[in-house]
Structures are given as structure tokens and as C-alpha cells.
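K.L.:
what would the 3D arrangement of this be:
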Amino acid sequence: AGSGDKKKLVFLGTPEVAASALEAILDAAEAPNAAFEVHAVVSQPGRPRGRGRSKSGPPPPSPVAEAAMRRGIPEDMVLCPVKANEPDFLQRLRDMEPDLMVTAAYGNFLPQKFLDIPRLGTLNIHPSLLPQFRGAAPVQRCLERGDAVTGVSVAYTVLKMDAGPVLRRVEHELNGDEKHDELLPELFATGAKALIEALPRVWDGTESFDTATPQAEYGDACEAPKTSPEEARMDFMGQNARTLHNKVRGFAGWPGTKAKFEVRKDGGDEGTVVEVKIITTKVVTDSEAGKEAKAANGAVELTKNSMRVPCGGGDWLEVLELQPPGKKAMKAGDYANGMKGSTL
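P.N.:
Numbers count the residues shown, from 1 in each chain. Take a look at the predicted model:
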């Protein structure tokens, strides 16, 4: 806090990806001749993490609050309101007279009373090419849809979710195998870099809310609603392999993807149903599998390195990594080798 005529930036964020963005912004603020300081940090209150944490004293601070205090932001300048419309919280922000707010996966709705406070507005790092995938799960929905290109936007915040004009937009080509939990940190890192590079022009007024690009100039908007565990079930007979592969990629980390298989001992008619978490997959054609998926009658092919599952589209989904109930993640080949004498 308080370094003469430096511009005051207040950062809002909560999870690990936002903590990494905060660290990058703090690094920029600590550079010689930096024009700004991180004056305060706002985060959601800490929540219990891991099993049994709720019974063992107060929950730990969020990753963002933890990073802020570790980097020397005074504890009384790390604010953790339950909601961003609390009168005492809003008054504290007004008293700070911030020049700019920056949000990254903060996770709380920002009311107009909040948006009216910073002199230069509020900028948000959003991991999609806005107006595509506005909402809570942009990377998950982008991968689930199988897009060839994604990216990150730095956009001004308005009352309508993720609808403000865009200051920066950086494209990121996809190869078709990226997973949500790997891609998300990468996009936030790119977004933090783009924001930092834009700040000098924001401070001197060259770029502003009024000069930023209205989202309509980039095309039509689409939403990215939260994912749910109910969506995580895989229907091999009802969907093709590419659709299922993209779901595994998009739902990696949370909520994950689960599939049920019937395990039968050789020669047995009765089977037991087992549900496993599917972690890594790839799409395989009939010629690569050496067998027609349609002729498999739903039977899973167990190979030395994987499990091949016939799908409704007449192609195969090769499972490379999975997690059986109550066990750690393992290579599907190891799981298949443990199934000797059984069929799926």
C-alpha cells in the first residue's frame, strides 16, 4: 500500500490459476520504474480442502489470499467478503480510491456499486475468445465442443456476465488432445501477460473502456454453463468416439468422466458392473483397431497397452488411462492385464 503517485490496482481472484496471475502482476509491480502497485487483494473466504478439513479448525485461506500474504500484501489489505455487495466491503474499496480493478476467476457476482468504484474500470482475464463461452466453464465447454482454436480475453467488466468490450484477445491453437486441467493454467498465464503488456496504455488513457472492441464485432455469443457430475457419465453406444474423447478432455480434473462396464468371468453369463473414472483416451478407426466396431457387439477389446471400446458412431475409443474404484489412476493396459480370464 501507499507508494506516492503510483497507480493503485486491486486484484480479485480465488483459485490456484488466479494466484498464478496475481504472482505475475506482483512481479510486474515490483519491477524498477513500475507505474502501479497492487494496493489490495480480494478473494472468496477460505474453504475446507481435503477430507476432514472442516472439523480441524478454521479453513485455510484461498490460494489467492495465501499468495498475497506470502508476497507481502498486509493482512488487513487482503479482503475476503462472503459477497461483493457487502456495504462495509464496498466502503473499504471506496476509501482506497483504486484506479483499476483486475479480476481472474474471482467467483462472486460484482454489483454495479462495485463497478462504479475504480476510476479506470474493472478488467477481467477470461479463458476464452469472447464472446464465445461466456460463463463459468469456458475451457471445459470449448474442449467438449471440439474447437480447433481457443484463447484468452482481457475484457472490461459490465453487469451482464462476460459481456464487456475487449481490450486484448490472444488465440491459442489446439491439437485435439489438450485437457482442461492442463490448458486452464496456460490460458490464465497468457491472459496475465496480455494484461500486463496493456497496462501502460490503460494508465495513460490511450486505451480505455470506450476504445475497447465491442464483443459483437467478433461474432455471436455463446454460453459456457457450469459442468455437473450428472454430465460426466459416458454413453458408449449413444455417442461416437470423438464426442466422448472431447468430453474426457473437457471434464478432466473436475467433474471427471465415468463409465460403467460389465465384467464377466470367461464362460459366465452373469456379470458384475464396475464404474471407473476415464482419464486419458484417443480415437481409433476400424483399420487401426483391425476390427469393425459395429461387429464387436459392445464387447471391449483388451490389449497390452489399452482398452478399446466400440462406440455408437461405428468407431473405437481407446482408453489409455483410468482409475478403478478405490484405487489410484493407472494405465489401462495394466488394468486390462489384471482382468485375465474376464471379459468387459
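K.L.:
C-alpha only now, for contacts and for neighbours.
P.N.:
OK.
K.L.:
wait, isn't L174 in contact with G151?
P.N.:
No. Assessed by C-alpha atoms under 8 Å, L174 is found out of contact with G151, at 9.4 Å.
K.L.:
more neighbours: those two, which one.
P.N.:
Set L174 next to G151 and count neighbours by other C-alpha atoms under 10 Å: G151 wins out with 24 against 15.
K.L.:
my guess is the more buried one meets L129, correct?
P.N.:
Yes. Between G151 and L129 there is a contact under C-alpha under 8 Å: 5.2 Å.
K.L.:
so V139 lies in a helix, does it not?
P.N.:
Yes. Under DSSP: H, G, I helix; E, B strand; the rest coil, V139 falls within a helix.
K.L.:
doesn't V248 lie inside a helix?
P.N.:
Yes. Assignment of V248 by three-state DSSP places it within a helix.
K.L.:
who's the closest spatial neighbour of it, skipping the chain neighbours?
P.N.:
Leaving out its chain neighbours, the residue that sits closest to V248 by C-alpha to C-alpha, 6 or more residues apart in numbering is T257, at 5.8 Å.
K.L.:
for the one you found, give me its contacts.
P.N.:
Going by C-alpha atoms under 8 Å, 6 or more residues apart in numbering, T257 touches A232, R233, M234, K247, V248, F251, K277, I278, I279.
K.L.:
anything in contact with each of G151 and L129?
P.N.:
Contacts common to G151 and L129, judged by C-alpha under 8 Å, 6+ apart, are R169, V170, E171.
K.L.:
what distance do you get for the second one to L187?
P.N.:
Okay, so that is V170. Separation of V170 from L187 (C-alpha to C-alpha, to the nearest Å): 9 Å.
K.L.:
could you do D88 as well?
P.N.:
34 Å.
K.L.:
got it, and A194?
P.N.:
Here the criterion is C-alpha to C-alpha. By it, A194 lies 10 Å from L187.
K.L.:
next one: K291
P.N.:
Distance, K291 to L187, by C-alpha to C-alpha: 39 Å.
K.L.:
comparing these two, which shows the higher neighbour count?
P.N.:
L187 (24 against 15).
K.L.:
one step back: out of the contacts of T257, which comes closest to K7?
P.N.:
Nearest to K7, judged by C-alpha to C-alpha, of the contacts of T257 is F251 at 39.5 Å.
K.L.:
hey, what's the closest residue to G271 other than its chain neighbours bridged with?
P.N.:
Excluding its sequence neighbours, the residue lying closest to G271 (C-alpha to C-alpha, 6+ apart) is R264, at 4.4 Å. For R264, the beta-bridge partners are T343 (DSSP bridges).
K.L.:
using the three-state scheme, assign V154.
P.N.:
Per three-state DSSP, V154 ends up strand.
K.L.:
who are the neighbours in contact with it?
P.N.:
L123, N124, I125, H126, V166, L167, R168, R169, G191, A194, L195.
K.L.:
now the last one: closest residue in space, sequence neighbours ignored.
P.N.:
By the measure of C-alpha to C-alpha, 6+ apart, the closest residue to L195 outside its immediate chain neighbours is V154, 6.5 Å from it.
K.L.:
next one: A296 from L93, what distance?
P.N.:
64 Å.
K.L.:
quick one: which of those two has more around it?
P.N.:
Neighbour tally, A296 and L93, criterion other C-alpha under 10 Å: the higher count belongs to L93, 18 against 14.
K.L.:
circling back to that earlier point, scan the contacts of T257 and report the most crowded one.
P.N.:
Most surrounded of these: other C-alpha under 10 Å gives V248, at 29 neighbours.
K.L.:
tell me who's in contact with that one.
P.N.:
Contacts of V248 by C-alpha under 8 Å, 6+ apart are E144, K179, G256, T257, I278, I279, T280, T281.
K.L.:
please name the bridge partners of A104.
P.N.:
G13.
K.L.:
look up how far P131 lies from D220.
P.N.:
7 Å.
K.L.:
the two: which is more packed in?
P.N.:
Comparing D220 with P131 by other C-alpha under 10 Å, the one with more neighbours is P131, at 22 against 10.
K.L.:
name the nearest residue to the more buried one, sequence neighbours excluded.
P.N.:
Counting by C-alpha to C-alpha, 6+ apart, the nearest residue to P131 once its immediate chain neighbours are dropped is A221, at 4.5 Å.
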